[in-house]
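Next come a sequence and a model predicted from it.
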Amino acid sequence: MLRDAAYYESRYNNRAAVPEFQRHFDRWALSSAQARRELDVELDVPYGDDRMETMDIFRPQGEARALLMFIHGGYWRSLDKKDHSFVAAPFVNAGAAVAAINYALCPAVKVEDIVIQCLKAGAWLYRNAAEVGAPRNRIFVAGHSAGGHLAAMCMAAQWPRHSRGLPEKVMQAGMPISGIYDLTEISLTPSVNADIRLNEAGAIKVSPAFMPPATKAPVHLVVGGREIDGFRFQQDLLAEKWANVVTESIVSPDDNHFTILDSFSDPGNNVCKAALRMMGL
């Protein structure tokens with residue numbers, strides 16, 4: 001069946017679906033500023049040469065029991081790690097280090113370039129885990145929205161081919177949150193594709209749904225019950241395609257695309273509890 005642009009906009013235009021989205025962004029910014037004041041954090045640590053290839057590293061008291069790489073969303077074209085510092089708190093308080101990474105944004109770069117940057121960040125964390133103060137065999141990845149896609153790409157990555165000397169399993173488990181896993185649908189969504197500029201072939205090349213997971217490391221999928229159709233479709237699709245590694249497919253019933261991050265960062269919420277459980281915390 002032929003679908004028109006309005007169909008794909010209805011499935012993937014989150015800002016149209018949640019008109020109060022700016023209030024969520026403003027709240028994230030306030031909570032993130034507070035987190036940077038209260039937590040032990042090293043800002044803008046470079047993992048590469050590009051000015052956007054930096055990360056903020058949040059450390060717990062004493063040696064970290066695990067390390068979480070968090071990848072922010074924004075449809076590969078907006079937002080910043082500094083908007084997401086607030087997600088670190090429950091994990092730091094549970095004894096983990098958290099590395100919130102930045103990456104270059106479309107349209108200045110391609111989605112494929114952003115994927116490579118995320119792999120570069122993961123490789124840096126593996127090689128520098130001792131400096132971070134965390135065990136390199138206890139690295140996990142989570143990401144929201146576009147970051148969910150990028151977290152899934154980390155779980156599909158053939159790390160030794162990316163960089164010599166890396167093991168097959170850099171990430172011990174992953175939690176993509178409200179992610180996009182078949183980007184062909186995004187290539188048909190004008191409001192997004194105006195900036196990310198994917199054709200069908202390019203979209204398939206960076207779609208986790210069209211590639212196998214690289215290892216048997218567990219994947220925990222999360223989506224909000226009040227999200228628009230496309231995101232629930234995407235979760236069901238990857239749960240089917242990656243059935244051999246998806247150990248949980250969580251629907252947080254009261255969350256939309258933005259409030260799901262509040263659940264991820266609330267230690268009393270089932271989403272955060274699942275992330276802590278994934279990390280053995």
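Received, thanks.

low pLDDT regions in the stretch 151-281 of the chain?
Applying pLDDT under 70 to the stretch 151-281 of the chain picks out no residues at all.

the strands in the stretch 151-281 of the chain, which residues?
Assigned by DSSP state E, counting those that start in this stretch, the strands in the stretch 151-281 of the chain fall at 174-177, 219-224, 246-252.

To residue 94, which of those lies closest?
Of all these, it is strand 174-177 that lies closest to residue 94, at 14.5 Å by C-beta to C-beta. For the C-beta atoms, the positions are set from N, CA and C on the backbone; glycine is no exception.

List the neighbours of that closest one that are in contact with it.
Contact with strand 174-177 is made by 140-145, 147-149, 151-152, 154-155, 217-223, 238, 260-261, 264, 271, 274-275, 278, as judged by C-beta atoms under 8 Å, 6 or more residues apart in numbering.

Parallel or antiparallel, which strands does that strand pair with?
Strand 174-177 pairs in its sheet with strand 139-144 (parallel), strand 219-224 (parallel), by DSSP bridges.

what are the phi and psi values for the residue nearest to residue 118 when sequence neighbours are not counted?
Spatial nearest neighbour of residue 118, excluding adjacent residues (C-beta to C-beta, 6 or more residues apart in numbering): residue 150 at 4.7 Å. Taking degrees, to the nearest 10, you get phi -70, psi -30 for the backbone angles of residue 150.

can you count the residues close to residue 150?
Residue 150 is flanked by 31 other residues according to other C-beta atoms under 10 Å.

I'd say it and residue 143 touch.
Yes - applying C-beta atoms under 8 Å, one finds residue 150 in contact with residue 143, separated by 5.3 Å.

Overlap in contacts, these two.
Counting by C-beta under 8 Å, 6+ apart, the residues touching both residue 150 and residue 143 are residue 71.

For residue 253, find the nearest of the strands paired with strand 174-177.
Between residue 253 and the strands paired with strand 174-177, the shortest separation by C-beta to C-beta is 8.0 Å, and it involves strand 219-224.

send the alpha carbons of the closest one over as PDB?
Extracted in PDB, the C-alpha atoms of strand 219-224 (Å, rounded to 0.1, in the frame of the first residue of the first chain):
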ATOM      1  CA  VAL A 219      19.200  -6.300  24.700                       C
ATOM      2  CA  HIS A 220      16.500  -4.700  26.800                       C
ATOM      3  CA  LEU A 221      14.000  -2.600  24.700                       C
ATOM      4  CA  VAL A 222      11.900   0.200  26.200                       C
ATOM      5  CA  VAL A 223       9.100   2.300  24.700                       C
ATOM      6  CA  GLY A 224       6.300   4.400  26.200                       C
END
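
From the chain's centre, how far out is that strand? Work that out for me.
Relative to the chain's own centre, strand 219-224 is displaced by 11 Å; criterion: C-alpha atoms, centre = their mean, to the nearest Å.

Pick the most buried one from the strands paired with strand 174-177.
strand 139-144 (a mean of 28; mean count of other C-beta atoms under 10 Å).

what are the ranges of the helices in the stretch 1-150 of the chain?
Taking DSSP state H, counting those that start in this stretch, the helices of the stretch 1-150 of the chain run over residues 5-12, 14-17, 21-38, 89-93, 111-127, 129-132, 146-156.

Ok, which of the strands of the stretch 151-281 of the chain comes nearest residue 85?
Taking C-beta to C-beta, strand 174-177 is the member of the strands of the stretch 151-281 of the chain nearest to residue 85, at 16.5 Å.

Now for residue 253: which residues touch it?
225, 226.

let's see it at 10 Å
224, 225, 226, 270 (C-beta atoms under 10 Å, 6 or more residues apart in numbering).

Redo those as a markdown table? Include distance to residue 189.
Below are these laid out as a markdown table (distance: C-beta to C-beta, whole Å):
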| residue | distance to residue 189 |
| --- | --- |
| 224 | 19 |
| 225 | 22 |
| 226 | 20 |
| 270 | 30 |
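
Can you name the two of those residues that sit furthest apart?
The widest separation within the contacts of residue 253 (C-beta to C-beta) is 15.3 Å, between 226 and 270.

and the two? which has more neighbours close in?
Neighbour count, other C-beta under 10 Å: between residue 226 and residue 270, residue 226 has more, with 17 against 14.

For the more buried one, which non-adjacent residue is spatially closest?
Leaving aside its chain neighbours, residue 226 sits nearest to residue 256 (4.5 Å; criterion: C-beta to C-beta, 6+ apart).

OK, contacts around the one you found?
The neighbourhood of residue 256, defined by C-beta under 10 Å, 6+ apart, consists of 14, 17-18, 20-21, 24, 178, 224-228, 231.
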